[in-house]
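K.L.:
Structural data only, the sequence is not supplied:
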């Protein structure tokens, strides 16, 4: 009887035996590899932590111009708010923050004691050689003609001429093209043109200014025009109110106790346009900052000759200024420690001044990107009301700095201009609707926050 082969042949048996011998030898190697793995993970984490720490110190202390600029913007933007200063104080060394805040003192020193000194009267040094006024008022007077020789065509030609003299900023070619496409705008004549495509759901008109700005609204009767301003990281609206006599500071009905929305204040005072004006003490009855009702004016304000609030007290860190509108309907800017002028009719206090007597006060401090509100006056005495949207991060609209605001206002020949309360309060209302989005998501389309007062441009009295 033949013998059975359990392992096939001798070679197979040798291979099996070899594998059995090899298996125990591999086990210790696998165990050794497992012991090394945690050390590698730890080394990786330590490397990451060291790299992050190095990056942190680089971002905090480097003098690289690009990084330093954005570090300054970040610190200033955080420190200019009431609720979000922790974004700087918790994350950055105190010495780095102090270095940036020191720039505020230097900015105030650069302005010094500058204050407005212009007037409507030309300064004449030699009686024999009268000097033409450097600042000329708008002249919309239509030449008088004999009624019997005046045809309807003549009347419209004169009205058209007066319209373009009033709205000198318009690019006439785009205006004429718009009228041709929308002939109904002339149903009531050039003197009554009323175009309004400034709403939040509107796209604006095809009309442009000679400065390259899109026109959003024109109201010839009310003597006002709104234009779109935009640039890298910001967008907003500049309202150009042609009659300075119709701009006043108007209070909420509960000033001192509670505020109201900008549009509510405008409607209560027969306004066609309104923007934010004074800041307010943003604290509630429980002492919580950031929850105020907008009733308590921060600093001093005047409305139609009546003063409210308490003057700001300047210190090295904060130099406040007062914007006064006098009975001659001119804006004057001065430090808050100066006496209120006897002929002042409306006023507010804030910081910083942007343009004084035509001089742009450029500085390196006010570079934080925020929603802005500025008021100025041109060499034609037009009131310039600028509101910039901001903190709309998902759209890339952060806001802008006061130097950019100065450039916008300078395009319109601003002689005086000052930054006033912006941030979450920044708002513009025009002809029954809000035309600026607020930075707070909860009130973005409904007028933002209640405020103690507003700049209101009144409708023409019938």
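P.N.:
Looks like it arrived, so ask away. Everything numeric in this text was worked out from a predicted model, so none of it was measured.
K.L.:
show me where the stretch 201-350 of the chain has strands.
P.N.:
215-219, 224-231, 234-241, 247-251, 271-276, 300-303, 306-309, 321-326, 331-335, 344-350 (DSSP state E, counting those that start in this stretch).
K.L.:
same for the fourth one, what does it pack against?
P.N.:
Contacts of strand 247-251 with other secondary structure elements, assessed using 3 or more CB pairs under 8 Å, 6 or more residues apart in numbering; DSSP states H and E, are made with helix 262-268, strand 300-303, strand 321-326, strand 344-350, strand 453-458. For every residue, glycine as well, the C-beta is placed using N, CA and C.
K.L.:
quick one: which of those is nearest residue 218?
P.N.:
Residue 218 lies closest to strand 453-458 among the helices and strands packed on strand 247-251, at 14.2 Å (CB to CB).
K.L.:
Now residue 252: closest residue in space that isn't a chain neighbour?
P.N.:
residue 260 (3.9 Å; CB to CB, 6 or more residues apart in numbering).
K.L.:
can you pull the contacts of that neighbour?
P.N.:
252-254, 268, 294, 450-451 (CB atoms under 8 Å, 6 or more residues apart in numbering).
K.L.:
Which residues belonging to stretch 238-251 are considered buried?
P.N.:
Using 16 or more other CB atoms under 10 Å as the test for burial, stretch 238-251 gives 238-244, 246-251.
K.L.:
follow-up on the earlier one: which of the helices and strands packed on strand 247-251 is buried the deepest?
P.N.:
Highest mean neighbour count of the helices and strands packed on strand 247-251: strand 453-458, a mean of 27 (counted as mean count of other CB atoms under 10 Å).
K.L.:
who touches it?
P.N.:
For strand 453-458, contacts defined as CB under 8 Å, 6+ apart pick out 222, 224, 239, 241, 246-252, 255, 262, 265-266, 269-278, 297, 301, 303, 308, 348, 375, 383, 385.
K.L.:
what's the pLDDT at residue 362?
P.N.:
You'll see residue 362 listed with a pLDDT of 71.
K.L.:
what's the answer for residue 269, then?
P.N.:
If you check residue 269, the pLDDT there is 98.
K.L.:
Tell me who's in contact with the nearest residue to it once chain neighbours are set aside.
P.N.:
Once flanking residues are discounted, residue 269 sits nearest to residue 250: 4.4 Å by CB to CB, 6+ apart. When contacts are counted by CB under 8 Å, 6+ apart, residue 250 touches 265-266, 268-269, 271, 274, 303-304, 453-456.
K.L.:
From residue 422, how far off is residue 250?
P.N.:
19 Å (CB to CB, to the nearest Å).
K.L.:
And for residue 120?
P.N.:
For residue 120 relative to residue 422 (CB to CB), the value is 30 Å.
K.L.:
Tell me which of those two has more neighbours.
P.N.:
Neighbours per residue (other CB atoms under 10 Å) separate residue 120 from residue 422, with residue 422 holding more: 26 against 12.
K.L.:
Could you measure from the more buried one over to residue 375?
P.N.:
Residue 422 sits 11 Å away from residue 375, going by CB to CB.
K.L.:
ok, which stretches of the stretch 101-250 of the chain are helices?
P.N.:
Counting by DSSP state H, counting those that start in this stretch, the stretch 101-250 of the chain has helices at residues 152-166, 172-181.
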